[in-house]
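> structure of the sequence below:
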Amino acid sequence: MDLVLSRMVEDAIVDEVFSDRFEKAVREQFPFEYVIALRSPYYALLKALKICGLHAGAKVAVSALAPSWHSAAVEDAGFVPVVLDVEEETFHPSSEEIRRIDPSAIILFDALGKLPPPSLLEHTAVPVIEDISQTLGNASASKASLSFAYFSIWGLEADSPIATGGGALLCAAGKRDAQILRALDETLPSELKMTDYNAALGLSQLKGYASMIERRKAIRGMLLAQLARSRHSGLRVEDDEQLPCYAFPIFSETSAKEIIEYAKKHGVQAELAFASSPAMIEENAGAMFPSARSIALRCVLFPMHHKLSNQQVDQIGKIIATLP
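This is a model prediction of the structure:
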């Protein structure tokens, strides 16, 4: 916090707005043509939905693992959320299920950093909004070539590796969609844009992004080695070099509640990964979303912050290795 306040004081005489500078820094570091820094992920999704050209009451596909505010934003935008179960391997709805409900738009949620399989987007004929909050800035490589609008939402709340203390980015990778965001940006009231304080914090964290990623990879490797000593399993990824997500997920073979209580007893905070998702909070979720429900009931997150000391990582590793 002292670093952020110092940066704001030092640059106080500069005419540029911090949110503008943060947007520019993100465009330079990540593969986006245009970026808008907003006050919250909810606002980012709401605005993305509004510019997709949907008719009132249109159906919008939502993942059963997504946070509950996804469905809230769809409803508040005047549309109807249709929650879909996910595949066990991909953590995304199947293309067959999407075609079955025939939505007017799709909101993808890259749970635990798992990008949607390319096959999911091959025959997409509606606008797509991808929530990349848990991917550390990664996004689907094929999105810019789609015929319809494709926007990304990057939440920067407390659980994000680049945490600005609140806020989100609405991003476009393709030039056509960038023009749409540019037109939107020109009409946005300043009260919806990210505050200077949050943007200044984001700028400071972007400077250490590369070292943060390397540290997270190192911590992930140490925790995976300890997890191998337990009866539980970790997140399966196609590429071992894939960027680690914001926390360390463990899939319980016994009781997630027992794991959380065991960790707390030994001074480590662990939590369910999808506590606010439809898979956990909807009535009859087990019948409606059996795959997502199974994932949500078993997945526990352990700390993997890049500021953890080696001693703290060792403590977390010992707990993971001895989980009941």
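> do you know how far the residue nearest to I162 when sequence neighbours are not counted is from H306?
Excluding its sequence neighbours, the residue lying closest to I162 (CB to CB, 6 or more residues apart in numbering) is Q205, at 4.9 Å. Where C-beta positions appear, they are placed from N, C-alpha and C, glycine not excepted. Q205 is 10 Å from H306, where distance means CB to CB, to the nearest Å.
> where do the contact lists of these two overlap?
Common neighbours of Q205 and H306, counting by CB atoms under 8 Å, 6 or more residues apart in numbering, are M212.
> who are the packing partners of the top helix by length along the chain?
For the chain, the longest helix by residue count, based on DSSP state H, is helix 209-227. On a contact count with 3 or more CB pairs under 8 Å, 6 or more residues apart in numbering; DSSP states H and E, helix 209-227 meets strand 233-234, strand 248-251, helix 310-321.
> pLDDT of that helix, averaged?
When pLDDT is averaged over helix 209-227, the result is 92.
> likewise for stretch 71-80?
98.
> how long is it from one end to the other?
Start and end residues of stretch 71-80 are separated by 8 Å (CA to CA, to the nearest Å).
> out of the helices and strands packed on helix 209-227, deepest packed?
Mean neighbours per residue, mean count of other CB atoms under 10 Å, is largest over those for strand 248-251, with a mean of 23.
> shaky segments in the stretch 51-200 of the chain?
137-147, 158-159 (pLDDT under 70).
> can you give me the strands in it?
For the stretch 51-200 of the chain, the strands defined by DSSP state E, counting those that start in this stretch occupy 59-63, 80-84, 105-109, 128-131, 150-155, 168-172.
> against which helices or strands is the third one packed?
Packing partners of strand 105-109 (3+ CB pairs under 8 Å, 6+ apart): strand 59-63, helix 69-76, strand 128-131.
> equivalent analysis for the longest one, please.
With contacts defined as 3+ CB pairs under 8 Å, 6+ apart, the packing partners of strand 150-155 are helix 41-50, strand 128-131, strand 168-172, helix 175-187.
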